[in-house]
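Asks: The sequence isn't on hand, but the structure is:
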């Protein structure tokens, strides 16, 4: 049962010491991988741009205007990124609440992904805030803007990050060899999961609800009073598509960490997820259709924006949905992965259409992100992947838990 | 088949914690209904476009004086250095000057959007921005149907610029800078009720001169700035497509549902958890 790639340190009880942590901080394996060579300069450039942004103000780096105050950093990093992080609440729901044991092997990696995503989107948010030193105001009290959707989103974000940290904490305890802490933290998992799912439904929908007051500013095809529901439903298949996508990559990159059994199970997991994606996408498509009819939007269809709307809904919802259905029937794993990628593009399009592209489409000056905004976004994503890799290489995320931890759970 | 007691209490405690956060929504203080907001009545038939108010406004708020001249067809906008702007429109009744600034809504979208209460509807009527609270998220700008709040993008310590009706002066019982500067008495200060009565009176006394509506009486749930115009409002660049109910109303349904979801979902999840837990024999292989 021991994993060859993850040798015995975690198995032996180990006293906490600094030497261990220092050793763990050092990189493992080769430095000059293609990924590092590409990502490192971008991360450094991104860092320089972030310095510039705090030194000269947002205008020095971004193309934001007075009419369009939210751009790529909010529309993509936060609004889209959170949708992709939805996998964590869906998978924990399946495994812990519905007791679908089959998916147990992907829980940790999904939760880790979710947690890191949230941590980094909050980071992106801090860069975008004009006065980030006041970010504690809605948290420490005396400035509670309780009528604000964003206040709710902020609190649900914050508590959800804590819940995810608790969900993931047994892995950290296993890494550190902290047996007692492991026992306590494992006992809290189900509470954290229940809290996490509740918080997720609300902040996923809350991100949509943020735009409810911008009624006259969003192109009518993308504005409706049902944005919150559309956002929460689409976060289910957005998150699962991300799980399929990320899992397929992890399965190759971290090949030696994954036990043979889980390797074999992976295709069956993807196969199962494709069905859930297909069904939720059908529900989503149907909802979009109802909203479309309800809002009497026919007269917008024969415009460039109307065609764009069709591209999003048919090209990147309906078609991948049918691909999911078809490949679930036939067991075509490659097509499932392809459908997952199309779905992800569709979710990106949808979130950007609501928050950036369709927002003040009538403004005299259109917002197009500057190259610097794009570089900073890429730098954030790369940094997240670096941290993810660091954690996966050290903690039992994809690899099996040490034997003592398994005994602890029973 | 039983729910682990410890788990139950833990979950219950966590729900309780989230409830205390959610509880304060929709709270309204009783005296709020009895307050009369002050506002401004702007009569575009009296405005001659002299820009004295723009200059006075700039001086009062330490902003650069606007240098550009008003020309019909060239839209001057308020900006992070200019809190009010006058434009000239060629209308069916000839040239009309129109001033634009914050509308000081009765139920401002910006204040409802603000999660730190930096944007604030004062009991006197002006909507003000409070620097020490603001975290610069610009959600007020996203929400404002009139596109009023402006953000200093080129500053490391950015502020939101918008008309505050000279709130400091109003507190001292003085007139706003623009009223003081206006040579034609185009702007009148008073309670909203007085101003609407005055506007009606002017329309009644001079029906030939005025278009028989007050912009701001109903739009966006009613605003503190009220406009009189000789022509329909869309001819003078005022947005007539806005809804008449208030904008914060749009998020009410969502905000109210939050508390119920926070309360109802966890027990439901706990129930499903309890129901599925012992359905299958324990599988050790996958755990």
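Replies: Received the coordinates, thanks. Keep in mind it's a predicted model, so treat the numbers as computed, not measured. Numbers count the residues shown, from 1 in each chain, chains lettered A, B, ... in the order given.

Asks: roughly how far apart are residue B:195 and chain A?
Replies: 25 Å (Cβ to the nearest Cβ, to the nearest Å). Using the backbone N, CA and C atoms, a C-beta is placed for each residue, glycine as well.

Asks: which residues touch that residue?
Replies: By Cβ atoms under 8 Å, 6 or more residues apart in numbering or on different chains, residue B:195 lies in contact with B:39, B:40, B:41, B:188, B:226.

Asks: quick one: which of the residues you listed is nearest chain A?
Replies: residue B:226 (20.4 Å; Cβ to the nearest Cβ).

Asks: Name the helix or strand for the closest one, please.
Replies: strand B:225-228 (DSSP states H and E).

Asks: From what I see, residue A:189 and residue A:168 are in contact.
Replies: No. Contact criterion Cβ atoms under 8 Å: residue A:189 and residue A:168 do not qualify, at 9.5 Å.

Asks: rewinding a little: among the contacts of residue B:195, which are located in strands?
Replies: B:39, B:40, B:41, B:188, B:226 (DSSP state E).

Asks: At which residues are the helices of chain B located?
Replies: B:5-22, B:52-60, B:109-113, B:139-143, B:167-171, B:177-181, B:192-205, B:249-277 (DSSP state H).

Asks: Just the buried positions in stretch A:244-252, please.
Replies: A:244, A:245, A:246, A:247, A:248, A:250, A:251 (16 or more other Cβ atoms under 10 Å in any protein chain shown).

Asks: Tell me which residues are up against that stretch.
Replies: A:106, A:109, A:113, A:258, A:263, A:266, A:269-270, A:273-274, A:277, A:336-337, A:340-341, A:344, A:392, A:398.

Asks: Near the closest residue to residue B:114 other than its chain neighbours, how many other residues are there?
Replies: Nearest non-adjacent residue to residue B:114, counting by Cβ to Cβ, 6 or more residues apart in numbering or on different chains: residue A:145, 5.0 Å away. Residue A:145 has 24 neighbours, counted by other Cβ atoms under 10 Å in any protein chain shown.

Asks: go on, residue B:98?
Replies: 22.

Asks: Show the contacting residues for the residue lying closest to it once chain neighbours are set aside.
Replies: Computed as Cβ to Cβ, 6+ apart, the closest residue to residue B:98 that is not its neighbour in sequence is residue B:236, at 4.5 Å. By Cβ under 8 Å, 6+ apart, the contact set of residue B:236 is B:44, B:89, B:91, B:96, B:98, B:229.

Asks: Pick out the residue of chain B closest to chain A.
Replies: residue B:136 (2.4 Å).

Asks: isn't that residue right up against residue A:126?
Replies: No. Judged on Cβ under 8 Å, residue B:136 makes no contact with residue A:126 at a distance of 10.4 Å.

Asks: so where's the chain uncertain?
Replies: This is for chain A. A:1-17, A:141-142, A:408-410 (pLDDT under 70).

Asks: Not quite, go with chain B.
Replies: In chain B (pLDDT under 70), the answer is B:1-34, B:279-287.

Asks: Skipping adjacent residues, who's closest to the residue most central in space within it in space?
Replies: In chain B, the centroid-proximal residue (Cα atoms, centre = their mean) is residue B:108; its distance is 2.8 Å. The shortest distance from residue B:108 to any non-neighbouring residue, by Cβ to Cβ, 6+ apart, is to residue B:127 (4.9 Å).

Asks: Give me the contacts around stretch A:30-38.
Replies: For stretch A:30-38, using Cβ under 8 Å, 6+ apart, the contacting residues are residue A:385.

Asks: can you give me the strands in the stretch 51-200 of chain B?
Replies: B:85-91, B:94-100, B:119-121, B:127-129, B:150-151, B:160-161, B:187-191 (DSSP state E, counting those that start in this stretch).

Asks: Dump these to a markdown table, plus distance to residue A:225.
Replies: Output for those, formatted as a markdown table (distance: least, Cβ to Cβ, whole Å):
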| stretch | distance to residue A:225 |
| --- | --- |
| strand B:85-91 | 33 |
| strand B:94-100 | 29 |
| strand B:119-121 | 23 |
| strand B:127-129 | 25 |
| strand B:150-151 | 28 |
| strand B:160-161 | 28 |
| strand B:187-191 | 34 |
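
Asks: next helix or strand past the lengthiest helix in chain A?
Replies: For chain A, the longest helix by residue count, based on DSSP H, is helix A:260-294. Going down the chain from helix A:260-294, the next helix or strand is helix A:304-310, by DSSP H and E.

Asks: Now do the buried residues in the helix or strand immediately after that following helix in the chain.
Replies: Per DSSP H and E, the first helix or strand lying C-terminal to helix A:304-310 is helix A:319-330. By neighbour count on 16+ other Cβ under 10 Å, the buried set for helix A:319-330 is A:320, A:321, A:323, A:324, A:325, A:327, A:328.

Asks: Stretch B:115-130 now?
Replies: B:115-122, B:124-129.

Asks: Kindly report the same for stretch A:265-274.
Replies: The neighbour-count check on stretch A:265-274 (16+ other Cβ under 10 Å) flags A:265, A:266, A:269, A:270, A:271, A:272, A:273, A:274 as buried.

Asks: OK, contacts around the fourth one?
Replies: Counting by Cβ under 8 Å, 6+ apart, residue A:270 touches A:244, A:247, A:248, A:333, A:336, A:337.

Asks: repeat that with 10 Å
Replies: A:106, A:240, A:243-245, A:247-248, A:251, A:327, A:333, A:336-337, A:340 (Cβ atoms under 10 Å, 6 or more residues apart in numbering or on different chains).

Asks: any idea how far residue B:68 is from it?
Replies: 62 Å (Cβ to Cβ, to the nearest Å).

Asks: cool, and residue A:401?
Replies: Residue A:401 is 69 Å from residue B:68, by Cβ to Cβ.

Asks: Any chance of the contacts of residue A:270 in JSON lines with distance to residue A:84 as columns?
Replies: JSON lines is the format used below for the contacts of residue A:270 (distance: Cβ to Cβ, whole Å):
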{"residue": "A:106", "distance to residue A:84": "15"}
{"residue": "A:240", "distance to residue A:84": "10"}
{"residue": "A:243", "distance to residue A:84": "9"}
{"residue": "A:244", "distance to residue A:84": "12"}
{"residue": "A:245", "distance to residue A:84": "9"}
{"residue": "A:247", "distance to residue A:84": "13"}
{"residue": "A:248", "distance to residue A:84": "15"}
{"residue": "A:251", "distance to residue A:84": "18"}
{"residue": "A:327", "distance to residue A:84": "21"}
{"residue": "A:333", "distance to residue A:84": "21"}
{"residue": "A:336", "distance to residue A:84": "17"}
{"residue": "A:337", "distance to residue A:84": "16"}
{"residue": "A:340", "distance to residue A:84": "11"}
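
Asks: Next, format those as a markdown table and append secondary structure.
Replies: As requested, the contacts of residue A:270 are arranged in a markdown table below (DSSP: H, G, I helix; E, B strand; the rest coil):
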| residue | secondary structure |
| --- | --- |
| A:106 | helix |
| A:240 | helix |
| A:243 | helix |
| A:244 | helix |
| A:245 | helix |
| A:247 | helix |
| A:248 | helix |
| A:251 | helix |
| A:327 | helix |
| A:333 | helix |
| A:336 | helix |
| A:337 | helix |
| A:340 | helix |
